[in-house]
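Novice: requesting a structural model of the entry that follows:
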Amino acid sequence: MATNVSGTSASASARAFSGHRSDIGGFRDSVAKGTWPDAAAVTARVDADAESVRSVNVQGMEEVRNKMTPSAFRFAVGFSAAGSRAEWRDKAQQAEDLGYDVIQVPDHLGMTSPFPTVIVMAEATNHVHVGTMVLNAGFYRPALLARDVATVDQLTDGRFEFGLGAGPDFAKPEFEAAGLPFPGGRQRIDYMRDTIGEIRSLFANGHQPPVHRRIPLLVAGRGDRLVRVAAEHADTVALAGVPVGADIDSEDAGTAALARRVEFVRSAAGERFADLELGLTMQAVDVQGQGAADLSLARRFNPELSEAQLRYLPGVLHGSARSIADTLRHYRDAYSVTHYSVSNTHMTTFAKVIEQLR
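Specialist: Here you go, the predicted model:
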């Protein structure tokens, strides 16, 4: 069966063949006049045209291959507590050995400070990236945060991924304990957006310590306003769950909700969408034979849903490792979702799925 490589390749091939036909016409004219063209010249031209056609077609096939090659998956695992430096190092090494691409830590009072923690985890590993999931923008002034982000990226040899959020409603007691005002959701999101702009401006204008690359920015969120800002400014849009109705009654309904959310991101991002990495937080992972799933995170974000309904959510995975892997391939191929993050409670279980996708 013939394959149409591309319009560009087909037209270029036609031009090469057209030039060859012109040479044949000249050859006939010479014969009619009783003269013979130089055979070596004709042979050289034919060989050149044939090589031109081969080159065009190979280039066209490469273009098609690149368009058809699926985007790579990236898998992240988040840790929130450890009893010692040695334990943090062990967790990081285990995550790297299990095939995770990114190790993440949160940003809450009552937990270890995120920046020194990710440095320790980077020192314990060879290639896995380290990042925050996510820094609470309201805890920081932009210039001070820029200094810390630049320093951490330097001390981790460029393996840092800068995760930022606006601060969830349940963080209000933390703000109060820190003596910080806790504005409304709209104001917190606006402050996060302005912080992103100020930090990028600092990095682009001779910041010290120097920044030698574009440090990837992940913004995580759930609500429309926050997801819109993420689509407009982030490199990775991490969906912290997908809004669904209280009447959700099937996995198909959950998948349809994911499709609507991705279309919302696409509309908000505009021309940026093609360059975005889309992520989804896995709120529960139930791999057959690996023990019962922990649905506590799913309940926290969806308190109105029954346990049966929680299992319909796109961020709640259940089945065999192979069937879950097939689900994630579908999310990638249909909705461009390639970045998946799980909590450390699901790290070993989800690693069975990662094995199916490598």
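Novice: switch to C-alpha atoms for all contacts and neighbour counts from now on
Specialist: Fine.
Novice: now the strands for this protein?
Specialist: Remark: strands assigned in the chain by DSSP state E are 74-78, 102-105, 129-132, 135-136, 160-165, 217-221, 236-239, 277-281, 284-287, 316-319, 337-343.
Novice: the fourth one pairs with which strands?
Specialist: Within its sheet, strand 135-136 is paired with strand 160-165 (parallel), according to DSSP bridges.
Novice: ok, the last one next?
Specialist: The partner list of strand 337-343 in its sheet, established with DSSP bridges, is strand 74-78 (parallel), strand 277-281 (parallel).
Novice: any chance of the ones you listed in JSON lines, with mean pLDDT, mean neighbour count and distance to residue 101 too?
Specialist: Shown next, in JSON lines, are the strands paired with strand 337-343 (pLDDT from 0 to 100; neighbours: other Cα atoms under 10 Å; distance: least, Cα to Cα, whole Å):
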{"stretch": "strand 74-78", "mean pLDDT": "98", "mean neighbour count": "22", "distance to residue 101": "5"}
{"stretch": "strand 277-281", "mean pLDDT": "98", "mean neighbour count": "23", "distance to residue 101": "13"}
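Novice: any idea which of the ones you listed gets closest to residue 266?
Specialist: When those are compared by Cα to Cα, strand 277-281 sits nearest residue 266, at 10.2 Å.
Novice: how far does the closest one sit from the chain's center?
Specialist: 6 Å (Cα atoms, centre = their mean, to the nearest Å).
Novice: can you list contacts of it?
Specialist: Residues outside strand 277-281 that contact it (Cα atoms under 8 Å, 6 or more residues apart in numbering) are 235-241, 315, 336-342.
Novice: hmm, which two among those are most spread apart?
Specialist: 235 and 315 (20.7 Å).
Novice: out of the two, which sits in the busier spot?
Specialist: residue 315 (25 against 22; other Cα atoms under 10 Å).
Novice: OK, contacts around that one?
Specialist: Contacts here follow Cα under 8 Å, 6+ apart; on that basis residue 315 touches 241, 242, 280, 281, 282, 283, 284.
Novice: if you set the cut-off to 10 Å instead, what comes out?
Specialist: By Cα atoms under 10 Å, 6 or more residues apart in numbering, the contact set of residue 315 is 239-242, 254-255, 258, 280-285, 298, 340-342.
Novice: what's around residue 184, how many residues?
Specialist: 9.
Novice: still on that earlier bit, quick one: closest of the strands paired with strand 337-343 to residue 352.
Specialist: strand 74-78 (12.2 Å).
Novice: what lies in contact with that closest one?
Specialist: Residues from elsewhere that reach strand 74-78 (Cα under 10 Å, 6+ apart): 92, 95-96, 99-106, 128-133, 277, 279, 281-282, 337-347, 350-351, 354.
Novice: in PyMOL, select just the buried ones from the residues you listed.
Specialist: Selection command for PyMOL covering only the buried members of the contacts of strand 74-78, criterion 16 or more other Cα atoms under 10 Å:
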select buried, resi 92+95+96+99+100+101+102+103+104+105+106+128+129+130+131+132+133+277+279+281+282+337+338+339+340+341+342+343+344+346+347+350+351+354
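Novice: re earlier: how about a markdown table for the strands of the chain, with distance to residue 325 added?
Specialist: Shown next, in a markdown table, are the strands of the chain (distance: least, Cα to Cα, whole Å):
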| stretch | distance to residue 325 |
| --- | --- |
| strand 74-78 | 12 |
| strand 102-105 | 19 |
| strand 129-132 | 22 |
| strand 135-136 | 30 |
| strand 160-165 | 25 |
| strand 217-221 | 23 |
| strand 236-239 | 19 |
| strand 277-281 | 14 |
| strand 284-287 | 11 |
| strand 316-319 | 10 |
| strand 337-343 | 12 |
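Novice: ok, which of those strands comes nearest residue 250?
Specialist: Distance to residue 250, taken as Cα to Cα, is lowest for strand 316-319 among those, at 12.4 Å.
Novice: so how far is that closest one off the chain centroid?
Specialist: 21 Å.
Novice: over to stretch 332-339?
Specialist: Averaged C-alpha coordinates place stretch 332-339 at 9 Å from its chain's average position (Cα atoms, centre = their mean).
Novice: by mean pLDDT, flag the weakest helix or strand of the protein.
Specialist: helix 7-32 (a mean of 44; mean pLDDT, DSSP states H and E).
Novice: who does the residue nearest to residue 336 when sequence neighbours are not counted form a beta bridge with?
Specialist: Nearest non-adjacent residue to residue 336, counting by Cα to Cα, 6 or more residues apart in numbering: residue 278, 6.6 Å away. Under the criterion DSSP bridges, residue 278 forms beta bridges with residue 237, residue 337.
Novice: and residue 278, how far is that from residue 129?
Specialist: Noted for residue 278: a distance of 17 Å to residue 129, by Cα to Cα, to the nearest Å.
Novice: tell me how many other residues crowd residue 179.
Specialist: 9.
Novice: so residue 142 sits against residue 164, correct?
Specialist: No. Between residue 142 and residue 164 there is no contact under Cα atoms under 10 Å: 11.9 Å.
Novice: quickly list what's touching both of these two.
Specialist: Common neighbours of residue 142 and residue 164 (Cα under 10 Å, 6+ apart) are 192, 195, 196.
Novice: which one of those residues is nearest to residue 222?
Specialist: residue 192 (14.6 Å).
Novice: how far away is that closest one from residue 103?
Specialist: 23 Å.
Novice: same thing with residue 264?
Specialist: For residue 264 relative to residue 103 (Cα to Cα), the value is 28 Å.
Novice: likewise residue 267?
Specialist: From residue 267 across to residue 103, the span is 30 Å (Cα to Cα).
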